[in-house]
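**Q** Could you look at this predicted model? Sequence included:
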Amino acid sequence: MLYSEKVMEHFRNPRNVGQMENPDGIGHVGNPICGDIMELYIKVEDGKIVDARFQTFGCGAAIATSSMVTEMVKGKDIEEALRISNKAVAEALDGLPPVKMHCSVLAEQALKSAIEDYLKKSGRAKTKEETEVDDDG
Amino acid sequence: MRRVYLDNNATTPVHPLVLEAMIPFFKETFGNASSVHYFGQQAKKALEESREKVAAFIGAKAGEIVFTSGGTESDNLAIKGVAYANRAKGRHIITSSIEHHAVLNVCKQLEKKGFEVTYLPVNRYGEVSPESVEDAIRPDTILITVMHANNEVGTLQPIDAIGKIAKARQILFHTDAVQSVGKVPVNVDSFNVDLLSLSSHKIYGPKGVGALYVRRGTRILPLFQGGHHERRRRAGTENVPGVVGLGRACELAAENMDEEAGKLLALMDRLQSGLERKVEDVLLNGHPTKRLPNTLNMSFAGVEGESLLLNLDMEGIAVSTGSACTSGTLEPSHVLSAMGVDPQLAQGSLRFSLGRENTEEDIDYVLAVISDIVKRLRAISPFYKSSSSPS
């Protein structure tokens, strides 16, 4: 089999599928030539990502990484979420074939892009403050 | 689980009668066809009988058939063999942009060795125009190589017309007929070809064996050096069981092709019309009629091919896709791109290639499961919200 059991499980039953009403941040990455497009939506309350959903046009790995990253991000605050790497997503899926690692990169980028969108919409000051607090601590 | 194999352009199962014909040549008739003794001569006899069968199937003479390890080697031998034998005459080769990689990558390799290659465009159906071939001919053109039927979309090329041009201009003409042999009539004289590649495992023969037709008087240089096998055109001890399998497969194809083609065409029509009826926004890739009777390539808007393929596989259905994701190159099918298919639709393409073992029940099973799969994937897809997304 090309994919791990975990990838196939997420591919078969992807979590958090679909658009979100009034998201606080939207990430849109990929291009149709290479084959994968991801849209990731987040809902943020008090600096915490309380919900995440996605829509993806892509292969098995693209759908599984989208599903996994939305699971991983829920309940995390913005700073923690920004630290989710593509490797962490791939590892959470028990690995990806080398030719499919770019799908995990796309998942990471989709998340980062959704967070950036949120930061832009909500005004950066507040989070910067939080960052400073974090750094001090 | 029910298993439906619709990937016969990738490979076919060995026909039971082919297998039966091969078995003695692994055991009692195991000799080296080059040996003078009884064992060798028995093998040699089988080899030459198979050569007759393959030749008869494509309207050639036995002496014009060179056995190879398969379609890829046949294409390499034809193109490199002609190019290097004629490099003093010229260095220009004409091919099409939708060839199999066994042709395209040989041409690319030759470009590095000082040859020049023209890659002809195709129309939206995947056809090369004979006029474009004529226009591409230069004084230093030494070879035209255009496939007979495309492996991905099944479109048949106007091979007779291209052959006539090549003959009139006295340029050698090769066709990769790996996908067409056994499915539609192939005749080296009516095609006016000088070289023709065919493969055994696409026609219910074993893997690892194929043939190259080389018209009498056509000079080619061998790919590798060794013994004097195959009239010095292909060194190496002959794969006698494989060749016997290929011979038998050609014989069976000759007997059954007309009936088989009719059956395949009816099944393919059932599949195509069923898909068009049951699934919204599907588009045919390839020529509506000038096409192999077993090959159906369809694009499913808003859905990516590999995820569709994986879902079908989970239901026991085997197909293939022109999506970038499966090729590992991050580029969609070069064939669909050359035909001008929208990249997103190319990513959402599936190839169904039918074979002799398929039944109406197989087709109905595919039709029964595919529309739910497409619906589910479209619900996940960011491209399909506008028309009929449920959410």
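**A** Looks like it arrived, so ask away.

**Q** can you count the residues close to the residue of chain A at minimum distance from chain B?
**A** Nearest residue of chain A to chain B (CB to the nearest CB) works out as residue A:59 at 3.5 Å. Glycine gets a C-beta too; all of them are placed from N, C-alpha and C. Using other CB atoms under 10 Å in any protein chain shown, residue A:59 has 30 neighbouring residues.

**Q** and it, what does it touch?
**A** Residue A:59 is in contact with A:35, A:36, A:100, A:103, B:304, B:305, B:306, B:307, B:310, B:323, B:325, B:326, counting by CB atoms under 8 Å, 6 or more residues apart in numbering or on different chains.

**Q** now do 10 Å
**A** Each residue near residue A:59 by CB atoms under 10 Å, 6 or more residues apart in numbering or on different chains is listed here: A:2-3, A:11, A:35-36, A:65, A:99-100, A:103, B:304-310, B:321, B:323-326, B:347.

**Q** Can you show me the helices along chain A?
**A** A:5-12, A:60-73, A:78-82, A:86-92, A:101-122, A:125-136 (DSSP state H).

**Q** Comparing those helices, which comes out most buried?
**A** helix A:60-73 (a mean of 27; mean count of other CB atoms under 10 Å in any protein chain shown).

**Q** Pull the distance from it to the chain's centre.
**A** Relative to its chain's centre, helix A:60-73 lies at 7 Å (CA atoms, centre = their mean, to the nearest Å).

**Q** Kindly report the same for stretch A:107-125.
**A** Relative to its parent chain, stretch A:107-125 has a centroid offset of 11 Å by CA atoms, centre = their mean.

**Q** CA-only coordinates of that stretch in PDB, if you can.
**A** The C-alpha trace of stretch A:107-125 is given here as PDB (Å, rounded to 0.1, in the frame of the first residue of the first chain):
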ATOM      1  CA  ALA A 107      -1.300  21.700   5.100                       C
ATOM      2  CA  GLU A 108       1.200  23.700   7.200                       C
ATOM      3  CA  GLN A 109       1.000  26.600   4.800                       C
ATOM      4  CA  ALA A 110      -2.800  26.500   4.700                       C
ATOM      5  CA  LEU A 111      -2.900  26.800   8.500                       C
ATOM      6  CA  LYS A 112      -0.300  29.600   8.600                       C
ATOM      7  CA  SER A 113      -2.200  31.400   5.900                       C
ATOM      8  CA  ALA A 114      -5.500  31.100   7.900                       C
ATOM      9  CA  ILE A 115      -3.800  32.400  11.000                       C
ATOM     10  CA  GLU A 116      -2.200  35.300   9.100                       C
ATOM     11  CA  ASP A 117      -5.600  36.200   7.700                       C
ATOM     12  CA  TYR A 118      -7.000  36.100  11.200                       C
ATOM     13  CA  LEU A 119      -4.200  38.300  12.600                       C
ATOM     14  CA  LYS A 120      -4.700  40.800   9.700                       C
ATOM     15  CA  LYS A 121      -8.500  40.900  10.300                       C
ATOM     16  CA  SER A 122      -8.300  41.200  14.100                       C
ATOM     17  CA  GLY A 123      -5.400  43.600  14.200                       C
ATOM     18  CA  ARG A 124      -1.900  42.500  15.100                       C
ATOM     19  CA  ALA A 125      -1.400  44.500  18.300                       C
END
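
**Q** Quick one: mean pLDDT over it.
**A** The average pLDDT within stretch A:107-125 is 90.

**Q** Quick check: which ranges of chain A have low pLDDT?
**A** A:1, A:32-34, A:124-137 (pLDDT under 70).

**Q** looking at the helices of chain A, which is closest to residue B:59?
**A** For those, distance to residue B:59 was read as CB to CB. The smallest value, 45.6 Å, belongs to helix A:60-73.

**Q** In chain B, where is pLDDT below threshold?
**A** In chain B (pLDDT under 70), the answer is B:324-330, B:385-391.

**Q** Okay, domains of it per the record?
**A** B:4-10+B:257-379, B:16-253 (automatic domain parsing).

**Q** and residue B:227, how many neighbours does it have?
**A** Per other CB under 10 Å, the neighbour tally for residue B:227 reads 11.

**Q** which residue sits closest to the most centrally placed residue in chain A in space, ignoring its chain neighbours?
**A** Central residue of chain A (CA atoms, centre = their mean): residue A:111, 3.5 Å from the mean position. Leaving aside its sequence neighbours, residue A:111 sits nearest to residue A:69 (CB to CB, 6 or more residues apart in numbering or on different chains; 5.4 Å).

**Q** Surely the one you found and residue A:81 touch.
**A** Yes - using CB atoms under 10 Å, residue A:69 is in contact with residue A:81, at 9.4 Å.

**Q** Which neighbours do the two have in common?
**A** With CB under 10 Å, 6+ apart as the test, residue A:69 and residue A:81 both reach A:52, A:111, A:114.

**Q** show me the residues around the residue of the stretch 1-150 of chain B found nearest chain A that make contact.
**A** Residue nearest to chain A within the stretch 1-150 of chain B: residue B:1 (14.8 Å; CB to the nearest CB). Applying CB under 10 Å, 6+ apart to residue B:1 gives the contacts B:314, B:315, B:316.

**Q** From the residues you listed, which land in helices?
**A** Among these, DSSP H puts residue B:314 in helices.

**Q** In ChimeraX, select just the buried ones from the contacts of residue B:1.
**A** In ChimeraX, this line selects whichever of the contacts of residue B:1 come out buried by 16 or more other CB atoms under 10 Å in any protein chain shown:
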select /B:315
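
**Q** So which of the contacts of residue B:1 is the closest to chain A?
**A** Checking these one by one against chain A (CB to the nearest CB), the nearest turns out to be residue B:314, at 7.1 Å.

**Q** quick one, strands of chain B?
**A** Using DSSP state E, the strands assigned to chain B run over residues B:4-5, B:65-68, B:92-96, B:116-120, B:141-145, B:172-176, B:195-199, B:210-214, B:282-285, B:295-300, B:317-318, B:320-321, B:349-353.

**Q** Was I right to think residue B:380 contacts residue A:56?
**A** Yes - Residue B:380 is within contact range of residue A:56, at 5.9 Å (criterion: CB under 10 Å).

**Q** So for those two, which sits in the more crowded spot?
**A** residue A:56 (29 against 24).

**Q** Ignoring the adjacent residues along the chain, who's closest to the more buried one?
**A** Distances taken as CB to CB, 6+ apart place residue A:66 nearest to residue A:56, at 4.4 Å, with adjacent residues excluded.

**Q** Which stretches in the stretch 51-200 of chain B count as helices?
**A** With DSSP state H, counting those that start in this stretch as the criterion, the stretch 51-200 of chain B has helices at B:71-85, B:101-112, B:130-136, B:159-168, B:188-191.
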